[in-house]
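A.B. asks: Structure for this input, please:
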Amino acid sequence: MKNTNKLVNILVPLASVLLAFLIGCIIMLALGANPLVALQNLWTGAFGNIRNLGTTLSRATPLIFTGLCACFAYRCGVFNLGGEGQFIMGSIVCCVIATQSGITGFPGILLCLVAGALAGGLWAMIPGLLKIYRGQNEMIISIMLNYVATLLMGVFYTNWLRDGSVPQTMSVPKETMLQRMFGLRFTSAFVIAVVIGLLTYYFLFYTSKGFQLRAVGLNMTAAQFNGFAVKRYILVSFIVSGAIAGIGGSAELLGTQYRLINGFASGYGFDGVSMALIGQLHPLATMLVAVFFAALRVGSTTMQAATGVPTSVSDIIQALVIVFAVAGLAMVKLPEFKAAIDKLSAKKEVK
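C.D. replies: Below you'll find the predicted structure:
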């Protein structure tokens, strides 16, 4: 039965992707384009050469961070929708330290990453504390804090750290920038994201604390009756998920953006939630989904140039993947569906 459930969890996102691409191909046909040629150019634009691969991995990096942020919190049964705000807070603190402290090189990079993690964790702690001690809805609070973080960032790049007449902060020193890997377009920020993803996976599935955290997420009442410190796990899940997003903000600033500007990190938080849901709240699957979505966004430009298919078709495919994946998650939780799976598993065991 366990193997059958695992198979269903794998098939749901795969079916979502296939259905989304099928509808996308129908749209391409309606536009007068050859779907096979369009998809070939989509692949080439994302993975066709080393340069394009580097761009795809670079675009996937912030999505991995915010996806892992949402994944970790959801595993404890809480909804952290403030990944974008925590990402931004990490980048703000990183920018202040990188441009004002005078510490450069590896010590400066390490300090920025640690400070970014602390900023993101503390920002995420706010909805955690309000949920635990005041019974407030963490989704609403975390979303509202996204706007607060965005407006605070605006104060920095338009006033406090403004670079001359341009509404942007000064650039971080070259000595503090993350270096590109193997001369490609992605930096060590991608490596940091992968390492954090592997550590998250190990903690959640191979440690006793991770098991207890997942147990709280599955049934808080049962976990409390069994002596688990439910409130502590909820708070820790918020802090750790926020720290992951905060590191992402620091890494993105040091590796790609280099300065705070209008629109920085826009949409990353909700994109991360989508990655986590499509990846079935599994850290490794979430990272793969992030790379997949980045490939769609990078390859769509080449697809448009070669076939005339607008990049909005790629956006439609992404949206459909999310819709079908969420619908699939809801379907597999239905009692009727579970009963059908159990019946099928019983038949296989009899044979």
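A.B. asks: What helix or strand is the closest residue to Ala222 other than its chain neighbours located in?
C.D. replies: Distances taken as CB to CB, 6 or more residues apart in numbering place Ala215 nearest to Ala222, at 7.7 Å, with adjacent residues excluded. C-beta coordinates here come from the backbone N, C-alpha and C atoms, glycine included. According to DSSP states H and E, Ala215 maps onto helix 208-218.
A.B. asks: Kindly report the same for Gln168.
C.D. replies: Mapping Gln168 onto the secondary structure by DSSP H and E places it in strand 166-169.
A.B. asks: Tell me which residue lies nearest the centroid of the chain.
C.D. replies: Against the mean C-alpha coordinate of the chain, by CA atoms, centre = their mean, the closest residue is Gly67 at 2.1 Å.
A.B. asks: which residues of the protein fall in helices?
C.D. replies: Secondary structure of the chain by DSSP state H: the helices cover 2-30, 35-47, 50-75, 83-100, 105-134, 138-155, 188-206, 208-218, 220-225, 230-252, 268-278, 283-307, 312-332, 335-350.
A.B. asks: any idea which of the ones you listed scores lowest on pLDDT?
C.D. replies: The stretch with the lowest average pLDDT out of those is helix 335-350, scoring a mean of 69.
A.B. asks: what sits up against the strand holding Gln168?
C.D. replies: The set of residues that contact strand 166-169 without belonging to it, under CB atoms under 8 Å, 6 or more residues apart in numbering, is Cys95, Thr99, Phe156, Tyr157, Thr158, Leu161, Arg162, Asp163, Arg259, Leu260, Ile261, Asn262.
A.B. asks: Out of those residues, which one has the weakest pLDDT?
C.D. replies: For the contacts of strand 166-169, the weakest pLDDT value sits at Asp163, with 90.
A.B. asks: now that residue, nearest residue through space, not along the chain?
C.D. replies: Residue nearest to Asp163 in three dimensions, not counting chain neighbours: Met170, with 4.4 Å by CB to CB, 6+ apart.
A.B. asks: Would you check that the one you found makes contact with Tyr157?
C.D. replies: No - in this structure Met170 lies outside contact range of Tyr157 using CB atoms under 8 Å: 9.6 Å.
A.B. asks: Between the two, tell me which one has more neighbours.
C.D. replies: Comparing Met170 with Tyr157 by other CB atoms under 10 Å, the one with more neighbours is Tyr157, at 22 against 18.
A.B. asks: Please list all residues in contact with Arg75.
C.D. replies: Residues touching Arg75, when contacts are defined by CB under 8 Å, 6+ apart, comprise Leu204, Leu213, Arg214, Gly217, Ser237, Leu281.
A.B. asks: Would you convert the residues you listed into a markdown table that also reports neighbour count and distance to Gln86?
C.D. replies: Formatted as a markdown table, the entries for those read as follows, by neighbours: other CB atoms under 10 Å; distance: CB to CB, whole Å:
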| residue | neighbour count | distance to Gln86 |
| --- | --- | --- |
| Leu204 | 21 | 19 |
| Leu213 | 23 | 19 |
| Arg214 | 17 | 22 |
| Gly217 | 20 | 19 |
| Ser237 | 23 | 13 |
| Leu281 | 21 | 18 |
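A.B. asks: Kindly reformat those as JSON lines containing distance to Ala15.
C.D. replies: Compiled in JSON lines, those are given as follows (distance: CB to CB, whole Å):
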{"residue": "Leu204", "distance to Ala15": "25"}
{"residue": "Leu213", "distance to Ala15": "29"}
{"residue": "Arg214", "distance to Ala15": "25"}
{"residue": "Gly217", "distance to Ala15": "25"}
{"residue": "Ser237", "distance to Ala15": "30"}
{"residue": "Leu281", "distance to Ala15": "18"}
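A.B. asks: mind listing what Tyr258 touches?
C.D. replies: With contacts defined as CB under 8 Å, 6+ apart, Tyr258 is in contact with Ser171, Val172, Met177.
A.B. asks: returning to what we had before: count the neighbours of the residue lying closest to the residue nearest to the centre of the chain once chain neighbours are set aside for me.
C.D. replies: Distances taken as CB to CB, 6+ apart put Met275 closest to Gly67, at 3.3 Å, once the chain neighbours are dropped. Neighbour count of Met275, defined by other CB under 10 Å: 29.
A.B. asks: ditto for the one 10 residues further on
C.D. replies: The criterion is other CB under 10 Å. On that basis, Ala285 has 20 neighbouring residues.
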